[in-house]
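J.: give me a model of this one.
(4 chains)
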2 protein chains.
Amino acid sequence: MSEAHRREKQPEQVRRSLLDHAARCAVEQGLGSLTLQAVADAAGVTKGGLLHHFPNKQALIEAVFEDLLGKLDEEIDRRMSEDPAEQGRFTRAYIDAFFQVTRERSGSPWAALAISTMTDPRLRELWSEWMRDRLARHETTDSQPAFRIARYAADGIWLANLTEIEGLEAGTLDELRFDLERLTKGELKT
Amino acid sequence: MSEAHRREKQPEQVRRSLLDHAARCAVEQGLGSLTLQAVADAAGVTKGGLLHHFPNKQALIEAVFEDLLGKLDEEIDRRMSEDPAEQGRFTRAYIDAFFQVTRERSGSPWAALAISTMTDPRLRELWSEWMRDRLARHETTDSQPAFRIARYAADGIWLANLTEIEGLEAGTLDELRFDLERLTKGELKT
DNA sequence: GCAAACAAACCTACCAAATGGTATGTTTAC
DNA sequence: GTAAACATACCATTTGGTAGGTTTGTTTGC
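T.: The predicted structure is shown next:
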């Protein structure tokens, strides 16, 4: 620590490290009690160094959030481009993306997204806009009730996985994934 | 304020007020930035008075959480006792309870439950235990895939409602409620 | 029946630690 | 040489928590 003077300067890399570790800290301690010192330490930089990249705490938090939203966008777009069927294309990509990060489990920065969303009104707005925008874009293919329910269920599963300390079991996740697929095909019976 | 010396002492009432206002503050400011002073002020007591009822901050938070869990238990039990059909009885009560608090919207102390659950590892554990316990109790009637998916979807809807600034529209909520009911009867098609 | 004793329910005053942020110095890259 | 990329030192404020006092309610002793 505090050796950054000696090593070659790679601002982009440091910035990236700060974003990643900030997301991690937000998961572990909660966003409210997130401290600049902790993030700086985790990223191997001093607090002053951190404040050089992000003018204040709020700016850091919003940067983390936008970074994660961007990644989610990319991931979903990638999956959609590989899906041949048109109906429910967005819903499948959305669900799969969530299941992937659900499996990746702890340390996954995505959890920060949830906590942030709940806590900070500004971030709530960003998330709302993102969701409204994507839904509008795929209204013709993904607005049927079963798709909507399936997406909400994916959210719920993801939430449950965050809540469980050890995460849901892999087998359970596979079952749920399968059930959701059936749901989007009208095959799920009681 | 600070007149509690003069008024007759009603510890139970003060304790209740502290729990309620703590839940409220947690919703508004987030649990992480919840301050003892704010809670005490809101309840019309000094910080010292608060710390007489709850030895420290963590104890207060856990007390709030357990209080809310207890209310949820009562609500679900009440609904279950009024439900004639056996299959999916718990799932229906669970969904209805969540939809009710979803409709009640802001100021409802239930939102604190969500935020708390994500932030605090200890509370995560409490919630996990509660859920595991209830699921075990109703395994024979509520373990089918469609029920499980329906419960997760209810969680997701509830989460979305917290996320949206103004909350989901009443009409949208009614639709979702109707779709979930159909899902538990195997009537939901794409 | 009543005062003394005691405990519970508060309040006031205070402190040590942590935290966000500033100001300024030092090293590296171009 | 100059600007960016850091680090160091420091400050004002806030916050959780403690210590000890004061008031109210209840029980005990006689």
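J.: the host helix or strand of residue A:154 vs helix B:145-163, what angle?
T.: Of the helices and strands defined by DSSP states H and E, residue A:154 is found in helix A:145-163. Taking axes from the mean of the first three to the mean of the last three C-alpha atoms, to 10 degrees, one finds that helix A:145-163 is oriented at 80 degrees with respect to helix B:145-163.
J.: what's helix A:145-163 packed up against?
T.: In this structure, helix A:145-163 packs against helix A:89-104, helix A:110-119, helix A:170-183, helix B:110-119, helix B:121-137, helix B:145-163, helix B:170-183, with contacts taken as 3 or more C-beta pairs under 8 Å, 6 or more residues apart in numbering or on different chains; DSSP states H and E. C-beta coordinates here come from the backbone N, C-alpha and C atoms, glycine included.
J.: need the ones you listed in JSON lines with mean neighbour count and distance to DNA strand C, can you?
T.: Converted to JSON lines, the helices and strands packed on helix A:145-163 look like this (neighbours: other C-beta atoms under 10 Å in any protein chain shown; distance: least, C-beta to the nearest atom of the strand, whole Å):
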{"stretch": "helix A:89-104", "mean neighbour count": "20", "distance to DNA strand C": "26"}
{"stretch": "helix A:110-119", "mean neighbour count": "23", "distance to DNA strand C": "13"}
{"stretch": "helix A:170-183", "mean neighbour count": "16", "distance to DNA strand C": "35"}
{"stretch": "helix B:110-119", "mean neighbour count": "23", "distance to DNA strand C": "15"}
{"stretch": "helix B:121-137", "mean neighbour count": "14", "distance to DNA strand C": "17"}
{"stretch": "helix B:145-163", "mean neighbour count": "23", "distance to DNA strand C": "24"}
{"stretch": "helix B:170-183", "mean neighbour count": "16", "distance to DNA strand C": "37"}
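J.: include mean pLDDT and distance to residue A:155 when you put those helices into a markdown table, please.
T.: As requested, the helices and strands packed on helix A:145-163 are exported to a markdown table (pLDDT from 0 to 100; distance: least, C-beta to C-beta, whole Å):
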| stretch | mean pLDDT | distance to residue A:155 |
| --- | --- | --- |
| helix A:89-104 | 87 | 7 |
| helix A:110-119 | 65 | 9 |
| helix A:170-183 | 91 | 11 |
| helix B:110-119 | 66 | 12 |
| helix B:121-137 | 89 | 16 |
| helix B:145-163 | 90 | 3 |
| helix B:170-183 | 91 | 13 |
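J.: quick check: longest helix of chain A.
T.: As assigned by DSSP state H, the longest helix anywhere in chain A is helix A:57-81.
J.: that one: how far from the chain's middle?
T.: Relative to the centre of its chain, helix A:57-81 is centred 7 Å away, using C-alpha atoms, centre = their mean, to the nearest Å.
J.: ditto for stretch A:52-62
T.: 19 Å.
J.: buried sites along it?
T.: By neighbour count with 16 or more other C-beta atoms under 10 Å in any protein chain shown, stretch A:52-62 contains the buried residues A:53, A:54, A:60, A:61, A:62.
J.: show the contacting residues for the second one.
T.: Going by C-beta atoms under 8 Å, 6 or more residues apart in numbering or on different chains, residue A:54 touches A:18, A:60, A:63.
J.: and of these, the nearest to DNA strand C?
T.: When those are compared for distance to DNA strand C (C-beta to the nearest atom of the strand), residue A:60 comes out closest, at 8.0 Å.
J.: would you confirm that the closest one contacts residue A:43?
T.: No. Counting by C-beta atoms under 8 Å, residue A:43 is not a contact partner of residue A:60; they are 11.0 Å apart.
J.: does residue A:188 sit in a helix, a strand or a coil?
T.: Here residue A:188 is coil, with the state taken from DSSP: H, G, I helix; E, B strand; the rest coil.
J.: got the phi and psi for residue A:32?
T.: phi -60, psi -40 (degrees, to the nearest 10).
J.: which strand or helix spans residue A:84?
T.: Residue A:84 belongs to no helix or strand, assigned by DSSP H and E.
J.: make JSON lines out of the contacts of residue A:54 and add pLDDT.
T.: JSON lines is the format used below for the contacts of residue A:54 (pLDDT from 0 to 100):
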{"residue": "A:18", "pLDDT": "94"}
{"residue": "A:60", "pLDDT": "94"}
{"residue": "A:63", "pLDDT": "93"}
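J.: returning to what we had before: in a markdown table: the helices and strands packed on helix A:145-163, plus distance to DNA strand D.
T.: Below are the helices and strands packed on helix A:145-163 laid out as a markdown table (distance: least, C-beta to the nearest atom of the strand, whole Å):
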| stretch | distance to DNA strand D |
| --- | --- |
| helix A:89-104 | 28 |
| helix A:110-119 | 15 |
| helix A:170-183 | 37 |
| helix B:110-119 | 13 |
| helix B:121-137 | 13 |
| helix B:145-163 | 23 |
| helix B:170-183 | 35 |
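J.: quick one, which of those helices is nearest to residue B:73?
T.: Evaluated over these, closeness to residue B:73 peaks at helix B:121-137, with 8.0 Å, by C-beta to C-beta.
J.: could you list every helix and strand in contact with the closest one?
T.: Counting contacts by 3+ C-beta pairs under 8 Å, 6+ apart, helix B:121-137 packs against helix A:145-163, helix B:57-81, helix B:110-119.
J.: rerun at 10 Å
T.: Counting contacts by 3 or more C-beta pairs under 10 Å, 6 or more residues apart in numbering or on different chains; DSSP states H and E, helix B:121-137 is packed against helix A:145-163, helix B:57-81, helix B:89-104, helix B:110-119, helix B:145-163.
J.: per-residue pLDDT of the closest residue to chain B within chain A, please?
T.: For chain A, the residue closest to chain B is residue A:32, as judged by C-beta to the nearest C-beta, at 1.8 Å. With respect to pLDDT, residue A:32 has a value of 70.
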